[in-house]
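K.L.:
Pasting the sequence and the predicted coordinates here, then a few questions.
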Amino acid sequence: MVAGDRAVGRKPSVRGKSDELPDSENSALIDIPHDHLLDRALDRLPERHQVLAAPPRGSETTAVHGDAGLPYLGRVLQYMRWGPAEMVGRYRKYGPVSLNTSLGVDRVLVAGPEALDEVLGRRRRDFGQGWDYFIGPFFRRGLLLLEFDEHKFHRRIMQQAFTRDRLEAHLAALTPVVRASIERWIPQGGNAERTVLLYPTLKELTLDIAGETFMGVDVGAQRRELIDAFVDCTHAGLAIIRHSVPGGHWRSGLRGRKVLQDYFTAMLPEKRRTESPDFFSGLCHARSEDGGVFGDADVVNHMIFLIMAAHDTTTTTATAVAYYLGKHPDWQERVRAEVLALDAENDGAAPTIDDLEGLRDLDLVVKESLRLMPPVPGLSRRAVRDTEIAGHYIPAGTPIDLAYQVNHLLPELWTRPELFDPERFGEARREDKSHRLAWLPFGAGAHKCIGMHFGTFEVKTVIAALVRAYAWQIPAAYRMPWGYTSIPFPRDGAPMVLRRRSA
């Protein structure tokens with residue numbers, strides 16, 4: 001299933017903005033493409049109108065309506081094919097709250113800043129986490145899967161592994177690793193140009209970084225086995241057959257979970273005995289202000305989830321940033337100029353956190369890339385009691401999909417949202433301040449990504465090394481074929497022709 005950011009015709013937006021905007025490389029993130037037979041066939045399926053539940057007698061709320069889609073599958077095929085364009089389409093047709101049936105489960109899709117604010121802000125105690133359905137069997141009891149007081153307790157302990165001092169130490173250690181690895185992509189003195197499959201190449205690099213930073217080990221010969229295990233676990237969440245059958249994604253995910261659990265469990269005794277700067281050791285020895293500590297099972301569960309989040313999301317983000325820099329060589333040159341200027345100022349030394357935060361143009365590009373392609377394009381919640389969202393009745397137990405990427409693409413919040421325009425985040429415009437939930441690639445509220453600062457520093461370090469060593473330009477006709485069976489990823493591996501720069 002593929003959705004590239006191909007140029008397609010634009011439909012009228014919710015508030016009647018002009019439909020005369022020019023085509024762009026990101027149009028298919030917003031509008032459903034029609035250039036493939038499968039796209040046209042899925043878009044022409046007749047609607048199966050369905051109501052979630054009738055409001056109680058005397059309630060002033062209204063029922064949630066929507067399209068139930070295909071029997072059992074619901075609209076999962078449309079999402080796997082179109083990703084954000086499917087969510088934007090639901091928002092345009094049904095408004096901020098709609099039925100979102102998939103894989104035999106009636107869910108509610110919530111989009112738009114005001115509706116999301118009810119779930120994440122005003123009524124947040126009405127909603128627990130909803131990730132168990134997707135990733136519970138594979139990343140059980142990771143931080144994202146805990147809720148309320150238990151989540152607060154675990155997060156407070158885990159925060160000890162993410163202090164600024166620890167992040168500074170990790171940054172100093174990862175910079176030479178990243179630079180040396182990227183330099184090896186095209187050996188000095190050899191062919192000055194080479195096609196690299198950027199996504200899998202970056203995935204290996206980020207796993208190596210995660211190994212050193214999070215575990216304090218050289219992943220080495222187990223790299224391939226661990227990458228496969230993480231991929232199997234993340235892809236299993238949207239498995240159509242959700243049982244352990246031979247050859248199925250669900251079975252592969254369960255097998256991947258066992259590989260990861262055995263790997264971290266074997267390392268645990270040594271990490272308990274000694275202290276080192278890595279996150280694994282930090283979790284083993286972290287203690288909250290009131291003396292709380294993690295048990296062995298908690299440490300293993302958190303490590304499995306942290307490594308997945310650290311290397312999967314970073315790989316997708318770094319790939320997206322490199323793609324947009326290749327499509328926009330003017331921005332690539334701007335980023336390269338400030339990176340080289342920092343190198344000269346620091347005499348090539350590893351940058352500090354302050355240094356990375358001062359790379360203005362790189363920061364703008366990363367933020368704009370996260371707007372267009374956040375690595376986790378939605379959040380999952382579950383109603384713990386009867387409640388409402390934007391005047392719609394939500395029965396207890398209802399799974400809620402918070403399609404925050406829709407907010408990233410609304411003309412009500414962003415000028416020409418289909419365009420790559422990093423300056424929208426500059427101080428002169430600050431379009432991300434149009435609403436407090438206009439831009440939230442790291443989530444919001446109590447479950448906001450605990451590793452967002454480290455992840456951003458890692459992406460900046462990777463891109464800085466890339467622009468320092470190479471130049472690249474992506475043909476105008478090429479559109480990244482994003483797939484949405486898990487964390488967004490390019491289905492063609494993101495082939496990129498890198499040319500070594502002269503010193």
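P.N.:
Looks like it came in fine.
K.L.:
Now do the SS call for Arg334.
P.N.:
Classification of Arg334 using DSSP: H, G, I helix; E, B strand; the rest coil returns helix.
K.L.:
how close does the closest residue to it other than its chain neighbours get to Arg385?
P.N.:
Nearest residue to Arg334 in three dimensions, chain neighbours excluded: Asp361, at 4.4 Å (CB to CB, 6 or more residues apart in numbering). Bear in mind the C-beta positions are built from the backbone N, C-alpha and C, glycine included. Counting by CB to CB, to the nearest Å, the gap from Asp361 to Arg385 is 47 Å.
K.L.:
the more surrounded of those two?
P.N.:
Neighbour count, other CB atoms under 10 Å: between Asp361 and Arg385, Asp361 has more, with 19 against 13.
K.L.:
That one and Phe425, how far apart?
P.N.:
11 Å.
K.L.:
now swap in Lys367 and tell me
P.N.:
5 Å.
K.L.:
Quick check: neighbours shared by the two?
P.N.:
Asp432 (CB atoms under 8 Å, 6 or more residues apart in numbering).
K.L.:
okay, these two: which has more neighbours?
P.N.:
Phe425 (21 against 18).
K.L.:
so the more buried one makes contact with Leu364?
P.N.:
Yes - counting by CB atoms under 8 Å, Phe425 does reach Leu364; the two are 5.1 Å apart.
K.L.:
Mutual contacts of the two, please.
P.N.:
In contact with both Phe425 and Leu364: no residue, using CB under 8 Å, 6+ apart.
K.L.:
wait, is Gly128 part of a helix?
P.N.:
No - going by three-state DSSP, the assignment for Gly128 is strand, not a helix.
K.L.:
give the contact list for it.
P.N.:
Going by CB under 8 Å, 6+ apart, the list of residues near Gly128 reads Glu147, Phe148, Arg381, Arg382, Val384.
K.L.:
can you give me how far the helix or strand encompassing the third one is from the chain middle?
P.N.:
Taking DSSP states H and E as the definition, one finds Arg381 inside strand 379-383. Using CA atoms, centre = their mean, to the nearest Å, we find the averaged C-alpha position of strand 379-383 to lie 17 Å away from the chain's own average C-alpha position.
K.L.:
Tell me which strands that strand pairs with, and in which orientation.
P.N.:
strand 127-129 (antiparallel), strand 399-402 (antiparallel) (DSSP bridges).
K.L.:
what's near enough to touch the residue nearest the centre of the chain?
P.N.:
Nearest to the geometric centre of the chain sits Pro375, at 1.8 Å (CA atoms, centre = their mean). Contacts for Pro375 (CB under 8 Å, 6+ apart) come out as Asp312, Thr313, Thr314, Thr316, Thr317, Pro441, Ile487, Pro488.
K.L.:
pLDDT weak spots in the stretch 201-350 of the chain?
P.N.:
Scanning the stretch 201-350 of the chain for pLDDT under 70 picks out 213-214, 216-220, 289.
K.L.:
And the helices in it?
P.N.:
223-236, 249-273, 279-285, 296-327, 329-346 (DSSP state H, counting those that start in this stretch).
K.L.:
So which of those helices is nearest Asp31?
P.N.:
helix 296-327 (18.7 Å; CB to CB).
K.L.:
Next up, identify which helix or strand the closest residue in space to Glu357 that isn't next to it in sequence is on.
P.N.:
Spatially, and ignoring its direct neighbours in sequence, Glu357 is nearest to Asp363 (7.2 Å; CB to CB, 6+ apart). Assigned by DSSP H and E, Asp363 belongs to helix 360-372.
K.L.:
where's Ala236 relative to Pro137, distance?
P.N.:
Ala236 is 8 Å from Pro137, by CB to CB.
K.L.:
Same drill for those two, tell me which one is more crowded.
P.N.:
Higher neighbour count among Ala236 and Pro137: Ala236, with 25 against 17, using other CB under 10 Å.
K.L.:
and His435, how many residues sit next to it?
P.N.:
18.
K.L.:
check contacts around it.
P.N.:
His435 neighbours (CB under 8 Å, 6+ apart): Pro113, Asn407, Leu413.
K.L.:
just those residues now: which is nearest Ala161?
P.N.:
Closest to Ala161, out of all of the contacts of His435 and judged by CB to CB, is Asn407, at 30.4 Å.
K.L.:
For that closest one, grab the count of nearby residues.
P.N.:
Asn407 has 25 nearby residues by other CB under 10 Å.
K.L.:
Repeat that for the one 5 residues further on.
P.N.:
One way to gauge burial is a neighbour count; for Glu412, by other CB under 10 Å, it gives 15.
K.L.:
try the one 3 residues further on
P.N.:
Using other CB under 10 Å, the number of residues around Thr415 comes to 12.
K.L.:
Could you measure from it over to Val231?
P.N.:
When Thr415 is compared with Val231 (using CB to CB), they lie 37 Å apart.
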